[in-house]
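Undergrad: Predicted model and sequence follow; I will ask about them next.
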Amino acid sequence: MSLIVIPTNVPSAAGGGGGGPDGTNYFVEITVDHTLVGADVANFPVYVDLSALPAAFWSHVQADGGDIRVTESDGVTRRATELVTINAGTSTGELHFLAAGVSSTTDSVFRIYYGSGLLSQPAVADTYGRNAVWASYEAVFHLQEDPAGAAPQMIDSTGNGHDLTTSGAMTTGDLVAAQIGDGLNMDGSNDEAHDLSPGVSITNVLTLQAWANIGNLSATGQPIGLYGPTGSDYRGLQVDASEHVIYYGENGSYQTVWDATARTGAGWTMVHGVSTSAATHELFVDGSSVGSRSQTWNGFAVTYLGVGAGRSSGTQSEPFLGALDEVRIRLNAASAMGIAAEYANQSNPTTFFTVGAETPA
């Protein structure tokens, strides 16, 4: 379950027009800078750091964020939304919404409506709810939950049921400040979060992505590992211990796509491993391609999905030392321009879009 921090006060919506979706009283516009979008990207999940919204937003938004609604620039066409966290006391929070597209030729404008005191966020399976934001993904983990809470601790926001159970010596203290909100600190010894019955198969196309802080890495580790019934069934993102470089690979012949740049001390790094076919694979770091490989990789039925570690003969292997955030898996190939736009949005949201003033609805 997503974390919602609720102060005791409920702000007044007095002064608003009440003409927004579900009778909301105010809106602010966010305008995506088209120069940061290399080519038009359809069905783009936009990340909004709520701390970037004006003080007036925090004066009028419902304390639990239940009244937040997102539309296109017309104020009518609703967009699916996931409110991951909100804390009105500290004016912080994490919001994602599914844009029909962002343009590379003209700025894309959206409206965030709010101000009611009477509403709730849509149910996760609603047309405008959480699951719809991630309809093109197989699994999305914001890694915001308490790793020492009741299992399964890490919730899959797609609704596909790949919720992860933590293991090892993970405590509440392993929930740490990350690239987007909080993330998980992994000890490189026995920490991991896993789904032991994913019920999904990898075929020709795949995208694995994560934010990883590998600045203190001293051992080989796996931010994401997917394993199948045999020892040769593997696909994942890894970090090499000796050179501190990132690679994307499969286990049939230890075939990999390498990043040639040492990443020690690099801080938070965004990594994508992309297979556009069974024989075409590419690695992206911080939104840019760093290498590709043309070689046939195996498809398989996934029997283990691991975040922060892998599996070898049923036991844990290559635990990751560092912190992880925003782990996502797609059974489709992300485009180079979509990856670049994701990086621009998530690495610096207040540059990716500008925020307008509060306006009565």
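TA: Perfect, I can see it now.
Undergrad: use CA for all of it now, contacts and neighbours both
TA: Noted.
Undergrad: Grab the longest helix from this structure for me.
TA: The residue-count maximum for a helix in the chain (DSSP state H) belongs to helix 336-347.
Undergrad: just checking, next helix/strand downstream of that one?
TA: As assigned by DSSP states H and E, the chain's next helix or strand after helix 336-347 is helix 349-352.
Undergrad: Could you pull up the mean pLDDT of that following helix?
TA: The average pLDDT within helix 349-352 is 96.
Undergrad: got the contact list for it?
TA: Helix 349-352 is contacted from outside by 32-33, 36, 47-49, 52, 344-345, using Cα atoms under 8 Å, 6 or more residues apart in numbering.
Undergrad: Send me that helix as PDB with only the CA atoms.
TA: Output of helix 349-352 as PDB, limited to C-alpha atoms (Å, rounded to 0.1, in the frame of the first residue of the first chain):
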ATOM      1  CA  PRO A 349      11.500  17.500 -12.900                       C
ATOM      2  CA  THR A 350      11.500  21.300 -12.400                       C
ATOM      3  CA  THR A 351      13.500  21.700 -15.600                       C
ATOM      4  CA  PHE A 352      11.500  19.200 -17.500                       C
END
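Undergrad: Flag every buried residue along that helix.
TA: By neighbour count on 16 or more other Cα atoms under 10 Å, the buried set for helix 349-352 is 349-350, 352.
Undergrad: centre of the chain versus the longest helix of the chain, how much separation?
TA: 12 Å (Cα atoms, centre = their mean, to the nearest Å).
Undergrad: And stretch 288-302, by the same measure?
TA: Centroid separation for stretch 288-302 versus its chain: 21 Å, with Cα atoms, centre = their mean.
Undergrad: just stretch 331-351 next, same as before
TA: 11 Å.
Undergrad: mind listing what's buried in that stretch?
TA: 331-334, 336-347, 349-350.
Undergrad: returning to that earlier point: by contact count, what packs against the longest helix of the chain?
TA: strand 41-49, strand 288-294, helix 349-352 (3 or more Cα pairs under 8 Å, 6 or more residues apart in numbering; DSSP states H and E).
Undergrad: Tabulate these in TSV, adding columns for distance to Q209.
TA: Formatted as TSV, those follow (distance: least, Cα to Cα, whole Å):
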stretch	distance to Q209
strand 41-49	14
strand 288-294	13
helix 349-352	18
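Undergrad: Let me see the contact set for the closest residue to G20 other than its chain neighbours.
TA: Nearest residue to G20, sequence neighbours excluded (Cα to Cα, 6 or more residues apart in numbering): A361, at 5.3 Å. Counting by Cα under 8 Å, 6+ apart, A361 makes contact with 16-20, 24-27, 113.
Undergrad: hmm, back to that, which one of the contacts of helix 349-352 is nearest L175?
TA: D49 (18.6 Å; Cα to Cα).
Undergrad: From the chain's centroid, how far away is stretch 181-191?
TA: With Cα atoms, centre = their mean, you get 16 Å for stretch 181-191.
Undergrad: From the rest of the structure, what touches it?
TA: With contact meaning Cα under 8 Å, 6+ apart, stretch 181-191 is reached by 93-94, 142-144, 147, 166-170, 174-178, 192, 219, 221, 308-309, 316, 318-326.
Undergrad: Now list the buried members of the residues you listed.
TA: 93-94, 142-144, 147, 166, 170, 174-176, 178, 192, 219, 221, 308-309, 318-326.
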